[in-house]
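*Asks:* just a sequence and a predicted model for now, questions to come.
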Amino acid sequence: WGGAWVVFEGSLQGVEKSLRALREARPDDEMHLPGVETVEDCLSGLEMGYGVGAGCCRCMAEDGVAFNITAAAGGLSHSKVDLKLSEHSLDKTPLCGAAGSCGCLACEDGLSRAYVSHLVKNGEMMGKISIMQHNLWQLCVAAEAARKK
């Protein structure tokens, strides 16, 4: 196997130049960044051609935060939905923001932000599971978009 694991903990800030240089030096190797924990670092890693772990999905789900990723000509961008905030208490939209725009189980099953927010605020495991499913789906779509680029 010709791949490489670049293992680190923390943020990609400050090491992006080195990671880009490594990617350029070994363009055909499959490389992974398993230690990333933020959606920003996941997207940076994907855009540099690295595979990323699901750490950011888990960390954000544990914090009650869902994210939505969009692919545009300028690269990948994201928005966050903090379901602990009271502004989502009556929000009937799905985690993705628009019905039919996400293929995760939480959005396809019609779980509203208000319902998932209620679950998160009351410490129900189903809230974290729903967010994790959504975040994983979003990350997979982002990875596919990055590969096509």
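*Replies:* Perfect, thanks for sending it. Numbers count the residues shown, from 1 in each chain.
*Asks:* which is the next helix or strand following the least confident helix or strand in the chain by mean pLDDT?
*Replies:* In the chain, the helix or strand scored least confidently by mean pLDDT, DSSP states H and E is strand 4-5, which has a mean of 54. Where DSSP states H and E defines the elements, the next helix or strand beyond strand 4-5 is helix 16-25.
*Asks:* list the buried residues of that next one.
*Replies:* Residues of helix 16-25 classed as buried by neighbour count (16 or more other CB atoms under 10 Å): Leu19, Leu22, Arg23. C-betas here are computed from N, CA, C, even on glycine.
*Asks:* would you confirm that the first one contacts Gly49?
*Replies:* No: here Leu19 does not reach Gly49: they are 9.3 Å apart, not a contact under CB atoms under 8 Å.
*Asks:* for this structure, which helix is longest?
*Replies:* helix 125-148 (DSSP state H).
*Asks:* so Val81, which state does it fall into?
*Replies:* Classification of Val81 using DSSP: H, G, I helix; E, B strand; the rest coil returns strand.
*Asks:* repeat that for Cys57.
*Replies:* Counting by three-state DSSP, the backbone at Cys57 sits in helix.
*Asks:* next, count neighbours for it.
*Replies:* 25 (other CB atoms under 10 Å).
*Asks:* what sits against it?
*Replies:* Applying CB atoms under 8 Å, 6 or more residues apart in numbering to Cys57 gives the contacts Met132, Asn135, Leu136, Leu139.
*Asks:* list the beta-bridge partners for the nearest residue to Leu43 once chain neighbours are set aside.
*Replies:* The shortest distance from Leu43 to any non-neighbouring residue, by CB to CB, 6 or more residues apart in numbering, is to Leu76 (4.6 Å). As for beta bridges, Leu76 partners with Ala71 under DSSP bridges.
*Asks:* my read: Leu76 touches Ala145, true?
*Replies:* Yes: counting by CB under 8 Å, Leu76 does reach Ala145; the two are 6.6 Å apart.
*Asks:* between these two, tell me which one has more neighbours.
*Replies:* Leu76 (20 against 17).
*Asks:* how far away is that one from Lys92?
*Replies:* 28 Å (CB to CB, to the nearest Å).
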